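Colleague: please work out how this folds:
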Amino acid sequence: MDYEPVIGLEVHVQLATKTKLFCGCRTTFGAPPNSQTCPVCLGFPGVLPVLNKEVVELAILSAIALNCTINPYSRFSRKNYFYPDLPKAYQISQYDLPLAKDGWVEISSGGKIRKIGIIRVHLEEDAGKLIHEDSGSLVDYNRCGIPLIEIVSSPMLRSSQEAYEYLNALKDILRYLRVSDCNMEEGSLRCDANVSVREKDAEGFGTKTEVKNMNSFKAVKQALDYEISRQIDLLEKGRRVLQETRLWDERESRTHGMRTKEEAHDYRYFPEPDLVPLSINPEWVNKISKRLPELPKDRMNRFLKEYGLPEYDALVLTSSRDLADYYEECVRLYNQPKVISNWIMTELLALLKEDGIEITQVKIKPEHLISMLGLIDKGVISGKIAKDIIVHMFRTGKDPSLIVEEKGLVQITDEDEVSKVIDEVILENKKAVLEYKSGKTKVMGFLVGQVMKKTEGKANPQIVNKLLREKI
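Modeller: Residues are numbered from 1 along each chain as shown. Reported below is the predicted structural model:
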């Protein structure tokens, strides 16, 4: 049979507040275990939660950007279960009346734009973290009470690649909003995937499994591919797919069963008695919506139209709000959009990747990059020299003019000086000169390279090409 997968994703996103959802404890990542706790987030008897207003505003901003309807009335519920990292033995979440619903995110799939539905966006607190060691298990309660939004997609995704595209689109939007850093390694973004398979074009759904324990978008894609293949194999053999929760094993590149539906918890949701319902009026929503920045898709389309960039350039430059801001500041100072794009994409991004840092940490200010391009335009330095200079700028943060002076990197434009070097190259490469004279014009690149090598890249390339042709 011809099968197709049906995938829905549940994404948990840590909101970028300094304090927790219901108490004043800090949310700093990497703090010593159990150093950011208090009686409220540890669930001591008699304590009362107090809702963090900033959390609600960031959640509303996120929901607006995801094209959701903000519910004017929502409430918190207790999700009851016992686990060592949940000291209260219940989690405060939202159940029947979530913060927002009925949204969508656009993805590019097979050259077409698809809108993937979002069923709901709701608020909840995080649990703690278990650390398993040979001698036993330890628990760190620092994460207890960390504010999360859960974004639940419709089961509209039809491949692991679409799931991958959806997660990237979601991450780009949330990072543009600056509501979260979406760092999966630090637990700021986590994803659970629900997946089933069915005969292609069938109306009903197959039996789904939930896959957990994926710590990267690549892992989500791999886990989905494995689970789709596993389920199809079971059906082809006439066996039944169990409705269960499965864990992704990175080392073995496979999923393992964790618990079946029969073993699943009955959470016994009921309204949280210590928190009043959340009332959100249109005026508050309108005020928050004014904080909405230009989002990635809109900014990319503007870059295509306003700067005439190729689609790939626009996509890369708008992948990060800070990178797009950096690029636009450069364009404001030097109206050569494609030239700037080339230098950022080929040289600067390579240096950022090599050092594993973000554009916000770079020492090269936009005005320094533009100053370097001005030196090329004036003939003070060549493009080749500029590639060395940008590395020095990246390491030191110095102005390019100062680097040129310190390193003695001024371009050689004196024709007599260049001519002497060319005479040496011609004398040392008689075979190449003869080949050029016989019609093998590509050898000119080799000869130019020899001149540049002798001058340590300082000779003006236009002068070198002109004099070489004249002398040969």
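Colleague: CA atoms for contacts and neighbours, from now on please.
Modeller: OK.
Colleague: report pLDDT for residue 413.
Modeller: Residue 413 carries a pLDDT value of 69.
Colleague: pop the domain breakdown of this structure in here.
Modeller: Domain ranges of the chain: 3-288, 296-407, 415-471, per automatic domain parsing.
Colleague: in the longest strand along the chain, what's buried?
Modeller: Scanning the chain for the longest strand, with DSSP state E as the assignment, gives strand 112-125. Neighbour-count burial for strand 112-125 flags 114, 116, 117, 118, 119, 120, 121, 122, 123, 124, 125 (criterion: 16 or more other Cα atoms under 10 Å).
Colleague: so which of these comes closest to residue 93?
Modeller: Of all the buried residues of strand 112-125, residue 93 sits closest to residue 124, with 4.0 Å by Cα to Cα.
Colleague: hmm, that closest one is touching residue 149, no?
Modeller: Yes: between residue 124 and residue 149 there is a contact under Cα atoms under 8 Å: 6.2 Å.
Colleague: and the strands in the stretch 251-400 of the chain, which stretches?
Modeller: 254-260, 270-271, 278-279 (DSSP state E, counting those that start in this stretch).
Colleague: mean pLDDT for those strands: which is lowest?
Modeller: strand 254-260 (a mean of 88).
Colleague: just checking: what are the partner strands of it?
Modeller: Sheet partners assigned to strand 254-260 using DSSP bridges are listed as strand 244-249 (antiparallel).
Colleague: follow-up on the earlier one: and of the strands of the stretch 251-400 of the chain, who's closest to residue 382?
Modeller: Taking the strands of the stretch 251-400 of the chain one by one with Cα to Cα, strand 254-260 is closest: 52.6 Å.
Colleague: list of residues touching the closest one?
Modeller: Residues from elsewhere that reach strand 254-260, judged by Cα atoms under 8 Å, 6 or more residues apart in numbering: 211, 223, 226, 227, 242, 243, 244, 245, 246, 247, 248, 249.
Colleague: then stretch 19-36?
Modeller: Here stretch 19-36 has contacts from 17-18, 37-38, 40-41, 49-52, 55, 125, 140-143, 145-147, 186, using Cα under 8 Å, 6+ apart.
Colleague: swap in 7 Å and give it another go.
Modeller: 18, 37-38, 40-41, 49-52, 55, 125, 140-142, 145-147 (Cα atoms under 7 Å, 6 or more residues apart in numbering).
Colleague: which members of those residues occur in strands, if any?
Modeller: 125, 140, 147.
Colleague: number of nearby residues for the last one?
Modeller: Using other Cα atoms under 10 Å, residue 147 is surrounded by 25 other residues.
Colleague: surely it touches residue 18?
Modeller: No: between residue 147 and residue 18 no contact is recorded; they are 10.0 Å apart, counting by Cα atoms under 7 Å.
Colleague: can you pull out the low-pLDDT segments for the stretch 251-400 of the chain?
Modeller: For the stretch 251-400 of the chain, the stretches flagged by pLDDT under 70 are 261-265.
Colleague: picking that back up, could you dump the strands of the stretch 251-400 of the chain into TSV with mean neighbour count added?
Modeller: TSV is the format used below for those (neighbours: other Cα atoms under 10 Å):
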stretch	mean neighbour count
strand 254-260	16
strand 270-271	16
strand 278-279	14
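Colleague: closest to residue 417 out of the ones in strands among the contacts of stretch 19-36?
Modeller: For those, the nearest to residue 417 is residue 147 (67.5 Å; Cα to Cα).
Colleague: quick one: that closest one from residue 109, how far?
Modeller: 32 Å (Cα to Cα, to the nearest Å).
Colleague: same question for residue 466.
Modeller: Residue 466 is 50 Å from residue 109, by Cα to Cα.
Colleague: does residue 12 lie in a helix or a strand, and which?
Modeller: According to DSSP states H and E, residue 12 maps onto strand 3-14.
Colleague: what angle do that strand and strand 112-125 make?
Modeller: Interaxial angle, strand 3-14 versus strand 112-125 (axes from the mean of the first three to the mean of the last three Cα atoms, to 10 degrees): 40 degrees.
Colleague: any idea of the mean pLDDT for strand 3-14?
Modeller: 96.
Colleague: point out where the stretch 101-250 of the chain drops to low pLDDT.
Modeller: Looking at the stretch 101-250 of the chain by pLDDT under 70, you get an empty list.
Colleague: so where do the strands sit in it?
Modeller: 112-125, 129-133, 136-140, 147-153, 189-199, 209-214, 244-249.
Colleague: packing partners for the fourth one?
Modeller: Yep, that's strand 147-153 we're talking about. Contacts defined by 3 or more Cα pairs under 7 Å, 6 or more residues apart in numbering; DSSP states H and E place strand 147-153 against strand 3-14, strand 112-125.
Colleague: neighbouring strands - and their directions - for it?
Modeller: strand 3-14 (antiparallel), strand 112-125 (antiparallel).
Colleague: distance to residue 376 added to those strands, as JSON lines?
Modeller: As requested, the strands paired with strand 147-153 are exported to JSON lines (distance: least, Cα to Cα, whole Å):
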{"stretch": "strand 3-14", "distance to residue 376": "45"}
{"stretch": "strand 112-125", "distance to residue 376": "41"}
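Colleague: for residue 69, find the nearest of the ones you listed.
Modeller: strand 112-125 (9.1 Å).
Colleague: which residues touch the closest one?
Modeller: Strand 112-125 has contacts (Cα under 7 Å, 6+ apart) with 21, 63, 91-94, 98-108, 144-154, 156.
Colleague: got the contact list for the nearest residue to residue 196 once chain neighbours are set aside?
Modeller: Nearest residue to residue 196 in three dimensions, chain neighbours excluded: residue 208, at 4.3 Å (Cα to Cα, 6 or more residues apart in numbering). By Cα under 7 Å, 6+ apart, residue 208 lies in contact with 194, 195, 196, 243.
Colleague: so which of the residues you listed wins on neighbours?
Modeller: Using other Cα under 10 Å as the neighbour test, these are led by residue 195, with 26 neighbours.
Colleague: neighbours around the residue nearest to it when sequence neighbours are not counted, how many?
Modeller: Closest residue to residue 195 apart from its sequence neighbours, by Cα to Cα, 6+ apart: residue 7 at 4.6 Å. The number of residues packed around residue 7, counting by other Cα under 10 Å, is 25.
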